[in-house]
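*Asks:* Pasting the sequence and the predicted model now:
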Amino acid sequence: MTLWLDAHLSPHLVPWIQENIGIAVLHIRDLDLIEAEDSKVFYSARQADAPERLSVEFDI
């Protein structure tokens with residue numbers, strides 16, 4: 001399983017998640033999807049057999 005992090009999450013989380021949680025992680029920036037519409041990201045994830053995209057929201 002490879003977790004894809006969306007654009008609103010820092011790419012600096014990738015190594016932290018890999019080291020501390022032990023799962024493979026890619027940031028959509030590294031997949032050339034940083035400017036892509038959500039539908040493109042979902043389609044690309046489906047084609048790559050990635051899990052459902054996770055979203056973390058912070059209300060300020």
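*Replies:* That came through fine.

*Asks:* can you pull the contacts of Val14?
*Replies:* The contact partners of Val14, by CB atoms under 8 Å, 6 or more residues apart in numbering, come to Leu5, Val25, Leu26, His27, Asp30. All C-beta spots, glycine's among them, are computed from the backbone N, C-alpha and C.

*Asks:* now, which of those residues sits nearest Asp38?
*Replies:* Leu5 (14.0 Å; CB to CB).

*Asks:* So which of the contacts of Val14 sit within strands?
*Replies:* Secondary structure from DSSP state E places Leu5, Val25, Leu26, His27 of these in strands.

*Asks:* just the helices in this structure please.
*Replies:* For the chain, the helices defined by DSSP state H cover 13-20, 38-47.

*Asks:* Any chance of those helices in JSON lines with mean pLDDT and distance to Met1 as columns?
*Replies:* As requested, the helices of the chain are arranged in JSON lines below (pLDDT from 0 to 100; distance: least, CB to CB, whole Å):
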{"stretch": "helix 13-20", "mean pLDDT": "94", "distance to Met1": "12"}
{"stretch": "helix 38-47", "mean pLDDT": "83", "distance to Met1": "12"}
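
*Asks:* ok, back up a step: list buried residues within the contacts of Val14.
*Replies:* Leu5, Val25, Leu26, His27 (16 or more other CB atoms under 10 Å).

*Asks:* buried residues in the helix or strand of the chain with the lowest mean pLDDT?
*Replies:* Every helix and strand of the chain was ranked by mean pLDDT, DSSP states H and E. The lowest is helix 38-47, at a mean of 83. Going by neighbour count (16+ other CB under 10 Å), the buried part of helix 38-47 is Val41, Ser44, Ala45.

*Asks:* just the residues you listed now: which is nearest Asn20?
*Replies:* Taking CB to CB as the measure, Asn20 lies nearest Ala45 of the buried residues of helix 38-47, at 23.0 Å.

*Asks:* I'd guessed that closest one sits against Leu3; true?
*Replies:* No - in this structure, Ala45 is not within contact of Leu3 by CB atoms under 8 Å, at 10.3 Å.
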